[in-house]
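J.: I'll drop the sequence and a predicted model, then ask my questions.
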Amino acid sequence: MPGSLNPTAMLRLLGAWNTGAAPAYRELADVVRLLVMDGRIPLDVALPSERALAVTLGVSRTTVTAAYASLREQGFLRGGQGSRGRTGIPHRTIPVSGPGLAAPEGILDLAYASLPATGEVVHRAFADALIDLPALLPGFGYDAVGLPPLREAIADRYTAAGIPTTAAQILVTSGAQHALNIILRTLAGRQQKVLVEHPSYPNALDAIRASGSRTVPVPMPPVAEPASGGGVKPASGGGVEPASGGGVEPASGGWDIDGMVAAMRHQRPAMAYLVPDFHNPTGRIMSNLQRRRLVREAAGTGTVLVVDETLRELNLDAVNTSPLSAFSPAVVTIGSLSKSHWAGLRTGWIRADEDSISRFVQTRTTMDLGGPVVEQLAAARLLRAFAEPLDARLAELRQNREALLGLLAEHLPDWHVERPRGGLTAWCRLPTPSSTALTVVAPDFGVRLAAGPRFGVGGAFEHFMRVPYTLAPAQLETAVLALRDAQARIDASPQLRTTLKAPKEPAAVA
Ligand SMILES: Cc1ncc(COP(=O)(O)O)c(C=O)c1O
């Protein structure tokens, strides 16, 4: 790595930085910051002296001095005034990554699609769990399959939904992500292929990559383009058909089943990781027709369908579908309390046939020896009264969703927004490939985002942004106005867009 950058090299990297859309020093600082964050200017590199850069750029020295001062203040430049500052990344950073229990102060967090705990209910479940605890204290506390009362409560919920399930078919995990890792290690592994929807859930894509498996991305069909203008479009596959009894059924079309079948036949993936229930990020739901066909075809090619139902309970439009496991006992299902109740519970599960569960347990014990007891006791309580907090959560989410869709239509009319049928997020097509640039600029306006490419492989989805409706309408308004302003900054400085591609280090997202 070079230890310093000469003015000519910097001029080339900066490109057409000076658009006149903002004070010159601001534009200069913005572009340098983006170059550093993008890795195009490496860390710990000395930038040209103020005088030399001013001459090369044909601007006043004051402009460069002010730009460098701003970069120093933000932590992107180290070293005292006068000396040649070296590039760095702020410790106390503009929070483009770094999850936590609380959103960073002053920042609206749209990178995480997650909700606070369902009020009192979770707290009460923990209080009750402490009452249940003494009975278990004489035991060792290790249980790699999960506490019996929790496994039974989970199994009973499937049975009540028309999918007979015993506790022996349930393995309790520390959340859905843990469940997926156990499954990957058991069913996939080095050089094997895993079919995924494209886009898909970023942490799942990371897990597949980390397992050494190769992803086989199958594009989800785009939403139909509107005849004119932007605004909210019904999701393809989101058209509503009347159902015979209660609820509505989604129309077919949200998934390219032909494409998935072709991929399964030709690529022979060991498993497919799918989110058919309020897919993250699109919010789509797969029709029963598509589910049936998928299960039939997967059986023919020997691909294990692994279905992540983490978002299934967030059924905002009362859509009527059967869980994929209803169509075949070979389906492996992942569940979680993270979205229905609270991610802080770190409680999820795998539902599968008993033999598969035994294999998963063996894998699990190579990673950990069981979940914490109190959390499992609390989770068992929550599962027994599952619906209690859900109505209020759904009502709130419906309100948030309408607020977000209205705000986006009003303030960002050239964003094409797919109307989500459930879940927590809206998937928006941007008029320009500026998702990463928006993600980098947005913290300046008080918003943290997850860029579209986090949801794909190979840098796809620079044209897309996922926007969660997990905030209250008033906060969503502030966030959308901030997005509008961030977008305006990028539109005014095309260099910001062209400078940035997907970041090399994936940002935290859920
Ligand atoms: C589809 C999907 N799967 C899994 C997870 C993570 O779930 P958990 O917190 O149970 O690990 C999320 C969280 O956003 C998700 O959206």
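T.: Nice, thanks for sending it over.
J.: what about the closest residue in space to residue 315 that isn't next to it in sequence, neighbour count?
T.: In space, and not counting its chain neighbours, residue 315 is closest to residue 422: 4.8 Å by Cβ to Cβ, 6 or more residues apart in numbering. C-beta: built from backbone N, CA, C; applies to glycine. Residue 422: 25 surrounding residues under other Cβ atoms under 10 Å.
J.: for residue 422, report the pLDDT, please.
T.: In this model, residue 422 is scored at 97, pLDDT.
J.: OK, contacts around it?
T.: Residues in contact with residue 422 (Cβ atoms under 8 Å, 6 or more residues apart in numbering) are 277-278, 283, 285, 311, 314-317, 319.
J.: and of these, the nearest to residue 5?
T.: For the contacts of residue 422, the closest approach to residue 5 (Cβ to Cβ) belongs to residue 283, at 44.1 Å.
J.: would you tell me whether stretch 371-382 gets close to the ligand?
T.: No. With Cβ under 6 Å from any ligand atom as the criterion, the ligand is not reached by stretch 371-382; the gap is at least 11.3 Å.
J.: how far does that stretch sit from its chain's centre?
T.: How far stretch 371-382 lies from its chain's middle: 26 Å, per Cα atoms, centre = their mean, to the nearest Å.
J.: now do stretch 153-171
T.: So, by Cα atoms, centre = their mean, the centroid of stretch 153-171 is 28 Å from its chain's centroid.
J.: return the set of buried residues in that stretch.
T.: Using 16 or more other Cβ atoms under 10 Å as the test for burial, stretch 153-171 gives 153-158, 163, 165, 167, 169-171.
J.: just checking: which of the contacts of residue 422 also lie near the ligand?
T.: Within those, those near the ligand by Cβ under 6 Å from any ligand atom are residue 311.
J.: that older thread, okay, the buried residues of stretch 153-171 in a markdown table with distance to residue 66 and secondary structure next?
T.: Formatted as a markdown table, those follow (distance: Cβ to Cβ, whole Å; DSSP: H, G, I helix; E, B strand; the rest coil):
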| residue | distance to residue 66 | secondary structure |
| --- | --- | --- |
| 153 | 62 | helix |
| 154 | 60 | helix |
| 155 | 65 | helix |
| 156 | 65 | helix |
| 157 | 61 | helix |
| 158 | 63 | helix |
| 163 | 64 | coil |
| 165 | 65 | coil |
| 167 | 66 | helix |
| 169 | 65 | helix |
| 170 | 61 | strand |
| 171 | 59 | strand |
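J.: one step back: check the contacts of residue 422 against the ligand and report the nearest one.
T.: Nearest to the ligand, judged by Cβ to the nearest ligand atom, of the contacts of residue 422 is residue 311 at 5.7 Å.
J.: the residue in the stretch 401-510 of the chain positioned nearest to the ligand and residue 276, how far apart?
T.: Nearest residue of the stretch 401-510 of the chain to the ligand (Cβ to the nearest ligand atom) works out as residue 510 at 4.1 Å. Using Cβ to Cβ, to the nearest Å, residue 510 is found at 19 Å from residue 276.
J.: could you do residue 440 as well?
T.: Per Cβ to Cβ, residue 440 is found 33 Å from residue 276.
J.: do the same with residue 455
T.: Counting by Cβ to Cβ, the gap from residue 455 to residue 276 is 16 Å.
J.: near the ligand, which residues of the stretch 1-150 of the chain?
T.: Going by Cβ under 6 Å from any ligand atom, the residues of the stretch 1-150 of the chain near the ligand are residue 113.
J.: show me the contacts for the one residue in the stretch 1-150 of the chain that gets nearest to the ligand.
T.: Nearest residue of the stretch 1-150 of the chain to the ligand, counting by Cβ to the nearest ligand atom: residue 113, 5.4 Å away. Residue 113 is in contact with 280-281, 423-425, 466, 468, 470, 510, counting by Cβ under 8 Å, 6+ apart.
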